[in-house]
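Student: predicted model, plus sequence, below.
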Amino acid sequence: MRQPTNVRPREDGLAVVIQDQTALPARTVFLELETEEQMYDAIFELKVRGAPAIGICAAYCYAVLASKLPEGSYDDFLAETRRFKAYLDSARPTAVNLSWALNRMEKLVLANSGTPVAQIKKLLRDEAARLQQEDMLVCAAIARHGLTLLNLKKGGGVLTHCNAGPLATSVYGTALGPILLAREQGVNIRVFADETRPLLQGARLTSYELDQAGVDVTLICDSMASIVMKNGWVDVCFVGCDRVAKNGDTANKIGTSGVAILAKHYGIPFYVLGPTSTIDFACETGEDIEIELRDPDEIKKKFYTEPMAPDTVKCYNPAFDVTDHTLISGIVTEYGILRPPYTQSIETLRAKLGL
């Protein structure tokens, strides 16, 4: 399995290297994040994005920042790590992998209260690397399970929304994983990629990744999903997720719920693909998921040489929406495919994991 390059520690361990996703597809740019401000901005400004990738980046950021702290008392070390943990965690509220990864790093610190600070720093570096290696295995497993949902004899058509490929994870991705795995096995699935306004991640990232992998990809505007489905070109919908509630409601890039509603109307299976780290076992329903609101100028000005709406016009710019569990055919995880009723299948998985 190839090693990921989108998020990694610098060789000296004093910076996190990320591929700047805001520069794609025109330019390939790598950034070195050395300060907590640079790390926060990279997450907030979507230079690194995708729930698993955010978590991996956060873990490396935690390890890098901890490595720069004085090797004094454990209490001082813990206080400083808690300070920058809270700061990084505030960058984006919806993607649960951010807090999940930071909590995992802090748990290691708390479990080693009697250990010299220098040794804890090494343990943190190892933990961040372990988290990324685990994500690689998780994505490969999700790809294998998702592959069973595709018609490999005739190829078939998949509609996907936003970006859930290798850029958003470590390898394969989540929603794109089965498609890329099918391609490796000589089956070319036809993919329709929603552009995902206003940030155009489906256009800039998904179509780019699939094209680079030699997949038959067609880019469509978000508003074209209905006619593509009506034409009979879509056999299944695959999307990623940023948070899954205990009842199966899922938060994903804005517009996902609309795709699910259309799929229900046209009788097309709709699957959510994501690691179990994206399931928030403390979140009862989608109503409890905080939805990130972003700068209105992303709608009016971003990617335009001139504003596309008057300055006086108000904009509502939520980054995510919640897809109701009743619209979801299955949730594909590294442990298999969860089926309705999700309150039962998710609880069974939680018990299996001992959480």
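Tutor: Okay, I see it. These numbers come from a predicted model, not from an experiment.
Student: pLDDT value on Met1, please?
Tutor: On pLDDT, Met1 comes in at 58.
Student: where along the stretch 151-300 of the chain do the helices fall?
Tutor: 177-184, 201, 207-212, 225-230, 256-266, 297-300 (DSSP state H, counting those that start in this stretch).
Student: out of those, nearest to Glu290?
Tutor: Checking the helices of the stretch 151-300 of the chain against Glu290 by Cβ to Cβ gives helix 256-266 as the closest, at 16.2 Å. Heads up, the C-betas are built off the backbone N, CA and C, glycines and all.
Student: which other residues reach the closest one?
Tutor: For helix 256-266, the external contacting residues (Cβ atoms under 8 Å, 6 or more residues apart in numbering) are 159, 161-162, 194, 222, 225-226, 229-230, 234, 237, 239, 250, 268-270, 320-324, 327-328.
Student: hang on, the earlier thing: which of the helices of the stretch 151-300 of the chain sits most buried?
Tutor: helix 201 (a mean of 28; mean count of other Cβ atoms under 10 Å).
Student: who's in contact with that helix?
Tutor: If you take Cβ under 8 Å, 6+ apart as the criterion, helix 201 is touched by Gln21, Arg49, Cys162, Asn163, Lys253.
Student: how much space separates Pro318 from Glu34?
Tutor: 32 Å (Cβ to Cβ, to the nearest Å).
Student: equivalent analysis for Ser226, please.
Tutor: Ser226 is 46 Å from Glu34, by Cβ to Cβ.
Student: again, but for Trp100
Tutor: 24 Å.
Student: neighbour count for the two, which is higher?
Tutor: Applying other Cβ atoms under 10 Å to Trp100 and Glu34 shows that Trp100 carries more neighbours, namely 23 against 15.
Student: can you name the helix or strand that that one falls in?
Tutor: helix 96-110 (DSSP states H and E).
Student: can you pull the buried residues of whichever helix or strand comes after that helix?
Tutor: For helix 96-110, the following helix or strand on the C-terminal side (DSSP H and E) is helix 117-147. Buried residues in helix 117-147, counted by 16 or more other Cβ atoms under 10 Å: 117, 120-121, 123-125, 127-129, 131-132, 134-136, 138-147.
Student: what packs against helix 117-147?
Tutor: strand 7-9, helix 51-67, helix 74-89, helix 96-110, helix 177-184, strand 270-273, strand 330-333 (3 or more Cβ pairs under 8 Å, 6 or more residues apart in numbering; DSSP states H and E).
Student: residue contacts, Ala59?
Tutor: Ala101, Leu102, Arg104, Met105, Glu127, Ala128, Leu131, Gln132.
Student: how long is stretch 260-280 end to end?
Tutor: End-to-end distance for stretch 260-280: 21 Å, by Cα to Cα, to the nearest Å.
Student: so who does the closest residue to Asn163 other than its chain neighbours touch?
Tutor: Nearest non-adjacent residue to Asn163, counting by Cβ to Cβ, 6 or more residues apart in numbering: Leu205, 4.0 Å away. Residues counted as contacts of Leu205 (Cβ under 8 Å, 6+ apart) are Gln21, Leu24, Pro25, Asn163, Gly165, Leu167, Ala168.
Student: before we move on, what about Thr115?
Tutor: Applying Cβ under 8 Å, 6+ apart, the residues contacting Thr115 are Tyr74, Leu123.
Student: next, format the contacts of Ala59 as TSV and append pLDDT.
Tutor: Listed next are the contacts of Ala59 as TSV, based on pLDDT from 0 to 100:
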residue	pLDDT
Ala101	97
Leu102	98
Arg104	98
Met105	98
Glu127	98
Ala128	98
Leu131	97
Gln132	96
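Student: of all those residues, which two lie farthest apart?
Tutor: Leu102 and Gln132 (14.7 Å).
Student: Throw the contacts of Ala59 into a markdown table and include distance to Asp41, thanks.
Tutor: Output for the contacts of Ala59, formatted as a markdown table (distance: Cβ to Cβ, whole Å):
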| residue | distance to Asp41 |
| --- | --- |
| Ala101 | 18 |
| Leu102 | 17 |
| Arg104 | 23 |
| Met105 | 20 |
| Glu127 | 24 |
| Ala128 | 20 |
| Leu131 | 22 |
| Gln132 | 21 |
